[in-house]
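Participant: Just need the structure, nothing else, for what follows:
(one chain, ligands or ions: 1)
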Amino acid sequence: MELPFIEPYKIKMVEPVYTSTRDQREKWISDARFNMFNLKSEQVTIDLLTDSGTGAMSDRQWSVLMLGDESYAGASSYYNLKNAVAEITGFKYFLPTHQGRAAENVLFSVLVREGDLVPGNSHFDTTKGHIEFRKAIPVDCTVDIASDFTKWDPFKGNVDLDKLEDVLKKNPREKIACIIVTITNNTAGGQPVSMANLRGIRGLADKYGVKFFLDSARFAENAWFIKTREEGYADKTIREIALEMFSYADGMTMSAKKDAIVNMGGFIGFRDDETFRNASTYNIIYEGFITYGGMSGRDMNALAQGLYEGTDYEFLSSRIGQTDYLGSKMKEYGIPVLEPFGGHAIFIDAKRFLPQIPDEEFPAQALCVEIYIEGGIRGTEIGTLMADRDPVTRENRFSGKELVRLAIPRRVYTDNHMDYVAAVVKNVFDRKDSIKKGLRIVSEAPILRHFTVEMERI
Ligand SMILES: *Cc1c(COP(=O)(O)O)cnc(C)c1O
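Facilitator: Coordinates of the predicted model:
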């Protein structure tokens, strides 16, 4: 008999999972103004709000915390991280930051000016926020097939090179701040970008003389998809693939809370020392001196170790395998999910799940609420709430995309937990016709409103 695949780790420390009654959850979600971010963690049974900073660190990571060097400048922990970044990404210059959006803030302070365009695939919400906050415009050039939630394609995160070239051709070079490509494409459903696509983007960046950066939070998952789906990469290691991916870019921003499996941290990688030097000034203003950038020495040590663990093929196979396990279960139950499954999350198509609820009533958010009430599972809305209002017209941006994202923390939950999640969603699916109305906004912030929005039932 062929032996089954196993997780390449075992568990040394556990924490409780909280249970509650439906009545309690009804009250809690109403007290939370129907905003998942307002729930207390003890009010949640399985927390799939995000895979960001929610992973379980290894014994190796915990042990290097004790070796953290807290010197203000030139700490050994900084050099440990610098060496790990250089080895895994190939970027010689780097700046630590406290998390991914801080990396964006520092980098965009150098590159992005009012009126600029920032083309790429789908920009992550904080990336979009930092661009629009500077009165610049993110241009989403993702391939059209990404918006077909059922068609199988190995690289639905790709940039449509014709769309990108069109933007580059029609605008003066000075108006293009840079190209930003997110790997994997979170907003499009955790879909990967192929090596061929990255090579093509590099070609266009060279042709039009613009810089090309990778938003790399899930670069290791992206490398795993390239290894398993793209011709010519099956025999290469994840680290060889990662090095090639980064070789096409001028730099990277990193939220280490994802694929580097730490609870907090980030960095920026640079190829050229000029951008690095300009960014260093902003790093000192916003983050901290360039050898710690908002992180303690112990955290830099854990991050350095996490970069190695996060790029381990066996680990990635079990992680992406668990996402696939959950997706397959839900599909078996007939629940409309985005396919192919992403690396870090399963996305439920709320428009197909609750077709009776119009986009104006935030169907994905309404579904998040129902799933929470049903079984204490916290997911997040990727839809009209997150899309924010148009910065100029202030109208809601209806993209027709209404997804509930169930993001899976790394090394935290077991497949039994996934069985529970699938069963809860199935129970909501069985009673879906009784859900007649969605939600309306009571108050919202001018930007990144989904984090703090207050809503009520219609
Ligand atoms: C999480 C994330 C960010 C922002 O990083 P934070 O660490 O949350 O600030 C940026 N881009 C992508 C693709 C992300 O997933």
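Participant: Would you confirm that residue 302 contacts residue 63?
Facilitator: No: look at residue 302 against residue 63 with Cβ atoms under 8 Å: they stay out of range, at 9.3 Å. Placement of C-beta: from N, CA and C, glycine included.
Participant: ok, for residue 161, nearest residue in space, not its chain neighbours?
Facilitator: Of all residues not flanking residue 161 in the chain, residue 200 sits nearest, at 4.9 Å (Cβ to Cβ, 6 or more residues apart in numbering).
Participant: And what about residue 180, helix, strand or coil?
Facilitator: What DSSP: H, G, I helix; E, B strand; the rest coil gives for residue 180 is strand.
Participant: Neighbours of the nearest residue to it once chain neighbours are set aside, how many?
Facilitator: Of all residues beyond its chain neighbours, the one nearest residue 180 is residue 120 (4.1 Å), with distances taken as Cβ to Cβ, 6+ apart. With neighbours defined by other Cβ atoms under 10 Å, the count for residue 120 comes to 27.
Participant: Residue 120 pairs with what?
Facilitator: Beta bridges link residue 120 to residue 140, residue 180, judged by DSSP bridges.
Participant: Name all residues that make contact with it.
Facilitator: Counting by Cβ atoms under 8 Å, 6 or more residues apart in numbering, residue 120 touches 138, 139, 140, 141, 159, 164, 179, 180, 181, 182, 215.
Participant: Please list all residues in contact with the first one.
Facilitator: It refers to residue 138. Contacts of residue 138 (Cβ under 8 Å, 6+ apart): 118, 119, 120, 123, 127, 128, 131, 132, 180.
Participant: In a markdown table, list these along with pLDDT and distance to the ligand.
Facilitator: Converted to a markdown table, these look like this (pLDDT from 0 to 100; distance: Cβ to the nearest ligand atom, whole Å):
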| residue | pLDDT | distance to the ligand |
| --- | --- | --- |
| 118 | 98 | 13 |
| 119 | 98 | 16 |
| 120 | 98 | 11 |
| 123 | 94 | 8 |
| 127 | 95 | 6 |
| 128 | 92 | 10 |
| 131 | 96 | 12 |
| 132 | 93 | 14 |
| 180 | 98 | 9 |
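Participant: Let's see if you can find the most crowded of the residues you listed.
Facilitator: Within these, residue 180 tops the neighbour count with 29 neighbours, counted by other Cβ under 10 Å.
Participant: ok, it to residue 201 distance?
Facilitator: Separation of residue 180 from residue 201 (Cβ to Cβ, to the nearest Å): 10 Å.
Participant: try residue 27
Facilitator: Noted for residue 27: a distance of 49 Å to residue 201, by Cβ to Cβ.
Participant: okay, those two: which has more neighbours?
Facilitator: Between residue 27 and residue 201, residue 201 has the larger neighbour count (other Cβ under 10 Å), namely 25 against 13.
Participant: same for whatever helix or strand that one lives in, what does it pack against?
Facilitator: Element membership for residue 201 (DSSP states H and E) is helix 195-208. With contacts defined as 3 or more Cβ pairs under 8 Å, 6 or more residues apart in numbering; DSSP states H and E, the packing partners of helix 195-208 are helix 161-170, strand 179-182, strand 212-215, helix 238-247.
Participant: The same query, at a cut-off of 6 Å, please.
Facilitator: Here helix 195-208 touches helix 161-170, going by 3 or more Cβ pairs under 6 Å, 6 or more residues apart in numbering; DSSP states H and E.
Participant: Now do the helix it packs on: which elements does it pack against?
Facilitator: Judged by 3+ Cβ pairs under 6 Å, 6+ apart, helix 161-170 is in contact with helix 195-208.
Participant: ok, and for the helix it packs on, which residues are buried?
Facilitator: Neighbour-count burial for helix 195-208, counted by 16 or more other Cβ atoms under 10 Å, picks out 195, 197, 198, 200, 201, 202, 204, 205, 208.
Participant: That helix relative to helix 161-170, how many degrees between them?
Facilitator: Helix 195-208 runs at 10 degrees relative to helix 161-170, counting by axes from the mean of the first three to the mean of the last three Cα atoms, to 10 degrees.
Participant: who touches helix 195-208?
Facilitator: Residues outside helix 195-208 that contact it (Cβ atoms under 6 Å, 6 or more residues apart in numbering) are 158, 159, 161, 164, 165, 168, 179, 212, 226, 230, 245, 248.
Participant: Model confidence at the nearest residue to the fourth one once chain neighbours are set aside, what's the number?
Facilitator: For residue 164, ignoring the flanking residues on the chain, the nearest one in space by Cβ to Cβ, 6+ apart is residue 141 at 4.5 Å. Per-residue pLDDT puts residue 141 at 97.
Participant: Report the contact partners of residue 141.
Facilitator: 119, 159, 160, 163, 164.
Participant: Residue 251 - nearest residue in space that isn't next to it in sequence?
Facilitator: residue 270 (4.5 Å).
Participant: That neighbour: neighbouring residues, count only.
Facilitator: So residue 270, with other Cβ under 10 Å, has 24 neighbours.
Participant: these two touch, right, it and residue 93?
Facilitator: Yes: Residue 270 is within contact range of residue 93, at 4.1 Å (criterion: Cβ atoms under 6 Å).
Participant: Quickly list what's touching both of the two.
Facilitator: Shared contacts of residue 270 and residue 93, defined by Cβ under 6 Å, 6+ apart, comprise residue 276.
Participant: looking at the chain, which helix or strand is least sure?
Facilitator: None of the helices or strands of the chain scores lower by mean pLDDT, DSSP states H and E than helix 384-387, at a mean of 87.
Participant: for that helix, which positions count as buried?
Facilitator: Within helix 384-387, the residues that count as buried by 16+ other Cβ under 10 Å are 384, 385, 386, 387.
Participant: Any chance you could list what contacts that helix?
Facilitator: With Cβ under 6 Å, 6+ apart as the test, helix 384-387 has contacts from 125, 359, 362, 365, 396, 397, 398, 399, 450.
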